[in-house]
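[1] need a structure here:
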Amino acid sequence: MIELITWNVQSARTAAGSADWQQVAAALGRFPDAAILCLQEVSSGFPARDGSSGGDGFAALATALPAWHAATAIALDVAGPDGGRRRLGCMTFSRFPVVQVLRHSLPWPLDAAVPSMPRSVLELTLDTPLGPLRVLNAHLEYFSEAQRLAQVDGLRRLQQEACAHAGAPRPGLDAGGPFAAISRARDAVLAGDFNMLPGSRSWQRLLAPFADGTPAWLDAWQLARPGQAHAPTVGIGSADPFTFDYAFVGAGLVPRVRSVRVDDAAVGSDHQPLLLTLG
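    Model (predicted):
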């Protein structure tokens, strides 16, 4: 079995408004069977909500999880007022060997009507007991539907590209050099905070079939719990919780989906961890 967790940690926010990266690490420690962690809104250099230091989440999490392989994709990297850098992005941790790491900037077309920020997706190819597995960790636009739809289209193009590579591996040159042939797995999981509701326009576009036969994305929740509404992943303590966080699988992994659940006990972030089990 392989257990994957996706969680928007919201810069390690606490109920008091400070930032506590050890709290995030402790919350992740509650899942001893997890083998892959996809974390969004990891940050460094930004102040916490109460004005105190937000710390360096990238360094803190890497230090707190020394037994894991770690990879980072920075979506936002800007100058801070003190001369340092302010960064925001995703981190993926794996207990399995990491064959390849790719970092993709997602489309960011102009939408002058709303705030927005750059977005990226972090792609790892892992050597797992189930075979080569491509894991994509994504965080899509919140305010702008036009930008979010463009980013969904970008994710779809990446799926087509990766599956094309998997179907016709490129020739290699110098096994130890940068042109070495490294395979890109066909089987894939796409997880993260998509800032879209189940059944929304963005959700439907992401899951639409491909005209060229590329394996479509499927919502793992629907596969594991057919006919059951997706459990909320955001604001579960509020009067109106909703779902923004998902795990999608390529068609080849459909028989491997064993369970999907939302954990309701994590602290700090108003997002909840979502757990996908493959076997």
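[2] now the strands for the stretch 101-250 of the chain?
    Secondary structure of the stretch 101-250 of the chain (DSSP state E, counting those that start in this stretch): strands at 120-128, 131-139, 188-193, 217-219, 245-250.
[3] give the closest residue to Ile182 in space, chain neighbours not counted.
    Gln100 (5.1 Å; CB to CB, 6 or more residues apart in numbering). Using the backbone N, CA and C atoms, a C-beta is placed for each residue, glycine as well.
[4] listing partners with orientation, what would you give for the helix or strand encompassing that neighbour?
    Per DSSP states H and E, Gln100 falls inside strand 98-105. Partner strands and pairing direction for strand 98-105 (DSSP bridges) are strand 120-128 (antiparallel).
[5] what comes up buried for the strand it pairs with?
    By neighbour count with 16 or more other CB atoms under 10 Å, strand 120-128 contains the buried residues 120-126, 128.
[6] got these as JSON lines, with distance to Ser183 and pLDDT columns?
    Below are the buried residues of strand 120-128 laid out as JSON lines (distance: CB to CB, whole Å; pLDDT from 0 to 100):
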{"residue": "Ser120", "distance to Ser183": "23", "pLDDT": "98"}
{"residue": "Val121", "distance to Ser183": "19", "pLDDT": "99"}
{"residue": "Leu122", "distance to Ser183": "18", "pLDDT": "99"}
{"residue": "Glu123", "distance to Ser183": "13", "pLDDT": "99"}
{"residue": "Leu124", "distance to Ser183": "13", "pLDDT": "99"}
{"residue": "Thr125", "distance to Ser183": "7", "pLDDT": "98"}
{"residue": "Leu126", "distance to Ser183": "12", "pLDDT": "98"}
{"residue": "Thr128", "distance to Ser183": "13", "pLDDT": "98"}
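[7] among these, which one lies nearest to Asp174?
    The shortest approach to Asp174 among those belongs to Thr125, at 19.9 Å (CB to CB).
[8] OK, contacts around Phe58?
    Phe58 is in contact with 42, 44, 72, 87, 89, 91, counting by CB atoms under 8 Å, 6 or more residues apart in numbering.
[9] can we see that at 10 Å?
    21, 42-44, 70, 72, 74, 87-89, 91 (CB atoms under 10 Å, 6 or more residues apart in numbering).
[10] that's a helix at it, yeah?
    Yes. Under DSSP: H, G, I helix; E, B strand; the rest coil, Phe58 falls within a helix.
[11] is it true that Leu197 touches Thr243?
    Yes. Taking contacts as CB atoms under 10 Å, Leu197 lies within contact range of Thr243: 6.4 Å.
[12] count of neighbours near the nearest residue to Asp111 once chain neighbours are set aside?
    Excluding the flanking residues, the one nearest Asp111 by CB to CB, 6+ apart is Ser144, at 4.1 Å. Applying other CB atoms under 10 Å, we find 21 residues neighbouring Ser144.
[13] please apply the same query to Pro47.
    15.
[14] and the gap between Asp193 and Gln272?
    Note on Asp193: its distance to Gln272, by CB to CB, to the nearest Å, is 11 Å.
[15] hey, which of the strands of the stretch 101-250 of the chain is tucked in deepest?
    strand 188-193 (a mean of 26; mean count of other CB atoms under 10 Å).
[16] can you list the strands that that one pairs with?
    Within its sheet, strand 188-193 is paired with strand 131-139 (parallel), strand 245-250 (antiparallel), according to DSSP bridges.
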